[in-house]
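Chemist: sequence first, then the predicted structure:
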Amino acid sequence: MDSRELGRTLIDIFGQGWARGNVDLLMSVFAGDMVFVETPFSEPLHGEEAVRRYWLEVPLHQSEVAFSSGEIFAAGPWFSTEFKCGFRRKRTGEWVDARGAIFCETDGEKITEMRMYWHRWNGGKDTSKP
């Protein structure tokens, strides 16, 4: 499988896991020794336990999640894509529209490093509708 095809497969599984609140599915795209960087200013999380702990919080705070990604750009073991993720905050009912880019390195099968660059817009917009 080439890098672009692998990237599409991995990001689609990642997005399905996020949208369904299925942390096991989401984590299935990562190698055991992965690095995850949520934003350019975040401390990198190293290893399955730390990354799983981060994503376990998401289903507790987000509902009605819709995830989509754009074209996959690939070079060697790297791929990137833009993404959109809309969700409702469980505590307040407020809609959030998050958009950004994801940059990943793979070992040819799974993601070994994921860096996200994103921004979110809070409130006032029902992102579940086109």
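Modeler: Received the coordinates, thanks. Note that the coordinates shown come from a computational prediction; the quantities given were computed from them, not determined experimentally.
Chemist: and Asn22, its phi and psi?
Modeler: Dihedral pair for Asn22: phi -100, psi 90, per degrees, to the nearest 10.
Chemist: wait, it sits on Gly15?
Modeler: No: Asn22 lies out of contact with Gly15 (CB atoms under 8 Å); the separation is 11.0 Å. For glycine as for every other residue, the C-beta is placed from the backbone atoms N, C-alpha and C.
Chemist: what about the two, which has more around it?
Modeler: Neighbours were tallied for Asn22 and for Gly15 using other CB atoms under 10 Å; the higher tally belongs to Gly15 (23 against 15).
Chemist: and that one, that one's in a helix?
Modeler: Yes: applying DSSP: H, G, I helix; E, B strand; the rest coil, one finds Gly15 inside a helix.
Chemist: and it, how far from Ala50?
Modeler: Distance of Gly15 to Ala50, given as CB to CB, to the nearest Å: 21 Å.
Chemist: equivalent analysis for Phe87, please.
Modeler: Using CB to CB, Phe87 is found at 23 Å from Ala50.
Chemist: so which of the two has more stuff around it?
Modeler: When Phe87 and Ala50 are compared for neighbours, Phe87 comes out ahead with 24 against 14, by other CB under 10 Å.
Chemist: what about the more buried one, which helix or strand?
Modeler: strand 78-89 (DSSP states H and E).
Chemist: per-residue pLDDT, the closest residue to Asp33 other than its chain neighbours?
Modeler: Distances taken as CB to CB, 6 or more residues apart in numbering place Gly47 nearest to Asp33, at 6.3 Å, with adjacent residues excluded. pLDDT recorded at Gly47 is 97.
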